[in-house]
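>>> Provide a 3D model corresponding to the input given below.
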Amino acid sequence: MLSNFRRNSLTLQKQSCMITFGNQGFYIQKMILKCFIYLQFVVSSPFLYAQFGLQQVISIEGDGPQSVYAADLDGDTYKDVLSANKFGSDLTWYKNIGDGTFGPQQIIASLNQPKIIYSADLDGDNDLDVLATALFIDELVWYKNLDGLGNFSSQIIIANDLDGPYDVKAVDIDGDNDLDVICGSESSGLVWYENQDGLGNFSTKNIINASAPNSRSVVAIDLDGDNDLDIVGSSSGAVTVSWYENLNGLGAFGSQQIIAGSASTVTSVFAADLDGDLDNDVLSATAGTDKIAWFENTDGNGSFGSEQVITPQADFALSVFAADLDNDNDIDVLSASALDNKIAWYKNTDGQGGFSTQNIISTNMLGTVDVYATDLDNDGDMDVLSASQNDDKIAWYENLTILGVEGNLLSKIELYPNPVAETLFIKTKEAISSIYIYNLLGVELLKKQLFSKEIDVSNFPRGIYFVSLLVEGKTVTKKMIKQ
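Residues are numbered from 1 along each chain as shown. Below you'll find the predicted structure:
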């Protein structure tokens with residue numbers, strides 16, 4: 001049971017490494033930094049894209065983080081990071097400085113053992129407010145962003161009559177151009193609250209399904225192609241994943257439609273078009289079976305196929321997420337699993353829902369509980385956020401796809417021999433204008449215009465280097481091993 005999943009006693013030694021760049025040279029230096037981080041992943045993975053950088057710790061100050069989210073709370077165009085901290089009984093956020101670093105912890109509010117944190121504009125004033133659930137005191141609450149800069153009001157209660165509110169989302173359920181709230185709970189099922197005036201004044205609960213036990217994850221998305229938002233929810237018992245049709249686009253929901261049944265509680269659901277057929281499929285994470293799986297929307301009307309297992313190797317899987325991680329225009333999958341302390345991703349290999357084996361992003365944490373993907377450094381690709389309960393860690397992992405190489409271009413360039421002793425040859429039909437060679441510290445050792453596809457590296461010490469080639473305005477980076 002999740003309630004028995006507790007922290008071990010830990011002694012943590014804080015270590016930090018800071019590299020400071022001038023503003024004008026930052027993005028050039030950032031590319032160099034990516035090059036030597038890139039090595040540690042390209043060696044062990046069969047995929048050359050969506051390689052992720054080393055874990056970058058945002059904070060270990062939050063006591064027992066349960067969930068993590070990203071949103072621009074202060075209006076500076078950078079996604080800030082939010083966390084709900086169970087043992088600290090608070091909600092916190094961290095300002096995104098904009099260069100891949102984050103400011104100190106800022107307290108949004110105290111809240112007794114919060115479970116989920118979420119951010120959306122609930123009052124229509126064009127800044128992002130905060131939503132949260134408090135599982136053990138039965139509260140669903142929100143906090144108004146008072147000035148658009150991340151200063152928040154005191155607690156505003158939406159509901160305190162749910163038994164164990166768990167997951168929460170803000171979406172326009174009734175099509176009136178403001179954001180309503182949906183919530184799943186441990187013992188009160190699945191409900192929603194209408195934003196009555198667009199200002200954050202919410203109705204009493206509207207019941208979607210009062211008898212869905214352990215409704216720990218909810219998603220609002222159009223499953224039947226009628227341009228309104230239906231609901232996907234998880235539960236336990238005979239039915240573990242189900243959906244509810246928004247019958248009129250106004251928030252009147254139909255009866256439960258079964259997607260999956262299992263003997264084990266589904267802890268997380270997500271929905272996205274995984275097979276490229278322009279309808280939304282459903283993902284699930286199941287803790288008891290260690291599975292990440294998906295279900296195909298077979299007709300675009302909400303009829304679902306059987307379970308397709310992506311991996312059975314996410315030990316006590318608690319979170320699943322989907323996004324295009326490798327910029328190839330299909331949707332990949334992320335998972336967080338607690339007992340193996342793991343954040344991992346699964347490449348959509350064919351754009352039709354065929355997934356790779358597990359690619360580990362990091363196991364450098366204790367008790368991983370949540371994963372999320374968004375562009376944290378404004379470079380056009382999806383980075384990854386994680387929360388781990390037992391070491392109090394909020395961390396992120398930079399997506400190195402921004403090195404800017406298209407897959408077909410990288411595959412057309414070969415360095416040989418590699419390892420190399422004296423002369424490195426570049427085999428390609430592409431026009432290469434310049435070459436740069438860096439060591440593992442990002443120090444530039446060679447820079448020249450390339451008139452020949454032969455490079456003398458005989459004077460280089462033995463070791464690992466990065467060769468960056470400027471090809472048709474794009475930078476191609478490859479590893480070189482010097483004998």
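
>>> Buried residues, stretch 142-160. List them.
By 16 or more other Cβ atoms under 10 Å, the buried positions in stretch 142-160 come out as W142, Y143, K144, N145, G150, F152, S153, Q155, I158, A159. The way it works is simple: take the backbone N, C-alpha and C, and place the C-beta from them, glycine included.

>>> Return the subset of these lying in helices.
Among those, no member falls in helices (criterion: DSSP state H).

>>> can you put these in CSV and add distance to I455 and pLDDT?
Converted to CSV, those look like this (distance: Cβ to Cβ, whole Å; pLDDT from 0 to 100):
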residue, distance to I455, pLDDT
W142, 59, 98
Y143, 58, 98
K144, 60, 98
N145, 54, 98
G150, 50, 98
F152, 56, 98
S153, 61, 98
Q155, 63, 98
I158, 64, 98
A159, 67, 98
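
>>> for the residues you listed, which one is nearest G53?
For the buried residues of stretch 142-160, the closest approach to G53 (Cβ to Cβ) belongs to G150, at 26.3 Å.

>>> what about that closest one, distance to A338?
Distance, G150 to A338, using Cβ to Cβ, to the nearest Å: 30 Å.

>>> do the same with E61
E61 is 21 Å from A338, by Cβ to Cβ.

>>> So between those two, which is more surrounded?
Using other Cβ atoms under 10 Å, the more surrounded residue of E61 and A338 is A338, with 25 against 16.

>>> Helices of this protein, start to end?
All helices of the chain, identified by DSSP H, fall at 26-42, 407-410.

>>> Lowest average pLDDT across the ones you listed?
Lowest mean pLDDT of those: helix 26-42, a mean of 39.

>>> which residue sits closest to G103, ignoring its sequence neighbours?
For G103, the nearest residue in space outside its immediate sequence neighbours is K95; the separation is 3.7 Å by Cβ to Cβ, 6 or more residues apart in numbering.

>>> right, I mislabeled it, should have said N364
When the adjacent residues along the chain are set aside, N364 lies closest to Q55, with 5.0 Å between them (Cβ to Cβ, 6+ apart).

>>> Tally up the residues packed near the closest residue to E194 other than its chain neighbours, please.
Excluding the flanking residues, the one nearest E194 by Cβ to Cβ, 6+ apart is S203, at 4.1 Å. Number of residues near S203 (other Cβ under 10 Å) recorded here: 15.

>>> Tally up the residues packed near the closest residue to I481 other than its chain neighbours, please.
Leaving aside its chain neighbours, I481 sits nearest to P419 (4.0 Å; criterion: Cβ to Cβ, 6+ apart). Neighbour count for P419, taken as other Cβ under 10 Å: 12.

>>> Ok, N348 next?
By other Cβ under 10 Å, neighbour count at N348 equals 24.

>>> show me what contacts the closest residue in space to it that isn't next to it in sequence?
Leaving aside its sequence neighbours, N348 sits nearest to D330 (Cβ to Cβ, 6+ apart; 4.4 Å). When contacts are counted by Cβ atoms under 8 Å, 6 or more residues apart in numbering, D330 touches L274, G276, D324, N348, G351.

>>> As CSV, those residues with distance to N246 would be great.
Formatted as CSV, the contacts of D330 follow (distance: Cβ to Cβ, whole Å):
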residue, distance to N246
L274, 22
G276, 24
D324, 26
N348, 28
G351, 28
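
>>> Of the residues you listed, which is the most crowded?
L274 (29 neighbours).

>>> thinking again about what came up before, can you list which of the buried residues of stretch 142-160 are found in strands?
Per DSSP state E, strands hold the following members of these: W142, Y143, I158, A159.

>>> Check the residues you listed against P104 and report the nearest one.
Of those, the one sitting nearest to P104 (Cβ to Cβ) turns out to be Y143, at 19.2 Å.

>>> Quick check, the closest one in contact with F152.
Yes - applying Cβ atoms under 8 Å as the test, Y143 and F152 come out as touching, 4.2 Å apart.

>>> Quickly list what's touching both of these two.
With Cβ under 8 Å, 6+ apart as the test, Y143 and F152 both reach I108, A109, D129, V130.

>>> just the strands in the stretch 151-300 of the chain please.
Along the stretch 151-300 of the chain, counting by DSSP state E, counting those that start in this stretch, strands occupy 156-159, 165-171, 180-185, 190-193, 206-209, 218-221, 230-234, 241-244, 257-260, 266-272, 281-286, 291-295.

>>> any chance of those in CSV, with distance to F136 too?
Putting the strands of the stretch 151-300 of the chain into CSV (distance: least, Cβ to Cβ, whole Å) gives the following:
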stretch, distance to F136
strand 156-159, 15
strand 165-171, 10
strand 180-185, 12
strand 190-193, 18
strand 206-209, 22
strand 218-221, 19
strand 230-234, 20
strand 241-244, 25
strand 257-260, 28
strand 266-272, 18
strand 281-286, 23
strand 291-295, 28
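
>>> Out of these, which gets nearest to N390?
strand 266-272 (17.0 Å).

>>> What strands flank the closest one, and is each parallel or antiparallel?
Using DSSP bridges, strand 266-272 pairs in its sheet with strand 281-286 (antiparallel).

>>> Of all the residues in the strand it pairs with, which ones are buried?
For strand 281-286, by 16+ other Cβ under 10 Å, it's D281, V282, L283, S284, A285, T286.

>>> same question, stretch 76-83
Y78, K79, D80, V81, L82, S83.

>>> go on, stretch 233-248?
For stretch 233-248, burial by neighbour count (16+ other Cβ under 10 Å) applies to G233, S234, S235, S236, V239, T240, V241, S242, W243, Y244, E245, N246.

>>> Show the contacting residues for the fourth one.
So the one you mean is S236. S236 touches P213, N214, S264, T265, V266, counting by Cβ under 8 Å, 6+ apart.

>>> Might you report the residue contacts of the fourth one?
Contacts were defined as Cβ under 8 Å, 6+ apart; by that measure T265 touches N214, R216, S234, S235, S236, T240, T286, A287, G288.

>>> List the residues that contact T92.
S59, E61, G62, L82, S83, N85, Q105, Q106, I107, I108.

>>> Give me the lowest-pLDDT entry from the contacts of S236.
Among those, S264 has the lowest pLDDT, at 77.

>>> Thought D290 was touching that one, still the case?
No - using Cβ under 8 Å, S264 is not in contact with D290, being 9.5 Å away.

>>> neighbour count winner among the two?
D290 (19 against 13).

>>> number of nearby residues for the residue nearest to E414 when sequence neighbours are not counted?
Spatially, and ignoring its direct neighbours in sequence, E414 is nearest to K427 (4.2 Å; Cβ to Cβ, 6+ apart). For K427, the neighbour count with other Cβ under 10 Å is 10.

>>> List the residues that contact K427.
So K427 contacts I413, E414, L415, Y416, K453 (Cβ under 8 Å, 6+ apart).
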